[in-house]
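Q: the following comprises the amino acid sequence and a computationally predicted model.
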Amino acid sequence: MTYTTESASNRFSNPFNSSTQFADAVPATTALFNSLSVDDQLAMLWYAYTEMGRSITPAAPGAARLQLAEGLLNQIKQMSHAEQLQVMRDLAAKRNTPVSRAYGILSNNTKLAFWYELSELMVQGFVVPMPPGYQPSRDVVKLLEAIKQLDFGQQITVLRNTVVNMGVDPLAD
Ligand code: 45D
């Protein structure tokens, strides 16, 4: 494949073009996610979940991992909708709370499984739903389009990168 100067500079200035097939697509897309507002990050995860649908259903390993997050998920289920939303906003904002610290000690894939389960609980009515008629911001729509351009493995990597950054690591300095 030939790389022209033009396409190289496009790649730097616009992570949404066809360059998403390249190795820099994952860090670029992850950085864009991290630049979103907290609510946009939550909305983004929600749409990723609804778009990816059955293809991301965690199989046996995911289900096993969830046991490690079960106490935390049960705690969240007992909360009011307002508290549930606050907990998720705190995680995305890395606010230092008991829930953020409990989340912080989960492994990377358990963090993914945790968010997956939260969205399942939203669908089942145990966790605060998306507001009816919610309109995602332009930033969310654009990032979602960029993620759709990635192959499946890259999509998982982006999602893992984003949830790994959330919460607070109680053992960090
Ligand atoms: O009122 O174990 C707003 C594999 C606005 C295999 C809101 C895997 C205001 C190994 C903030 C929008 C790697 C495949 C309200 C696992 C407002 C393994 C609310 C992978 C109410 C696990 C917004 C798993 C809310 C994968 C509440 C890829 C938003 C899992 C909530 C992927 C959004 C999981 C949530 C994903 C989104 C989960 C909970 C994408 C969850 C997304």
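A: Thanks, I have it.
Q: quick check: residues of this structure near the ligand?
A: Where the chain comes near the ligand, counting by Cβ under 6 Å from any ligand atom, the residues are 39, 42-43, 45-46, 48-49, 56, 58, 61-62, 65, 85, 88, 109, 112-113, 115-116, 118-119, 122, 128, 130-131, 156, 159. Backbone N, C-alpha and C define where each C-beta goes, glycine included.
Q: those in helices, which ones?
A: For the residues of the chain next to the ligand, the ones inside helices are 39, 42-43, 45-46, 48-49, 61-62, 65, 85, 88, 109, 112-113, 115-116, 118-119, 122, 156, 159, with DSSP state H as the criterion.
Q: quick one, which of those residues are buried?
A: Buried residues within those, defined by neighbour count using 16 or more other Cβ atoms under 10 Å: 42-43, 45-46, 48-49, 62, 65, 88, 109, 112-113, 115-116, 118-119, 122, 156, 159.
Q: and Glu70, what does it touch?
A: Taking Cβ atoms under 8 Å, 6 or more residues apart in numbering as the criterion, Glu70 is in contact with no other residue.
Q: got the phi and psi for it?
A: Backbone torsions of Glu70, given as degrees, to the nearest 10, read phi -60, psi -40.
Q: which residues does the residue nearest to Val87 when sequence neighbours are not counted contact?
A: Counting by Cβ to Cβ, 6 or more residues apart in numbering, Val99 is the residue found nearest to Val87 once chain neighbours are left out, at 5.0 Å. For Val99, the residues meeting the contact criterion (Cβ under 8 Å, 6+ apart) are Leu72, Gln75, Ile76, Val87, Asp90, Leu91, Gly167.
Q: same thing with Leu150?
A: Taking Cβ under 8 Å, 6+ apart, we find Leu150 in contact with Thr20, Ala25, Val26, Thr29, Val158.
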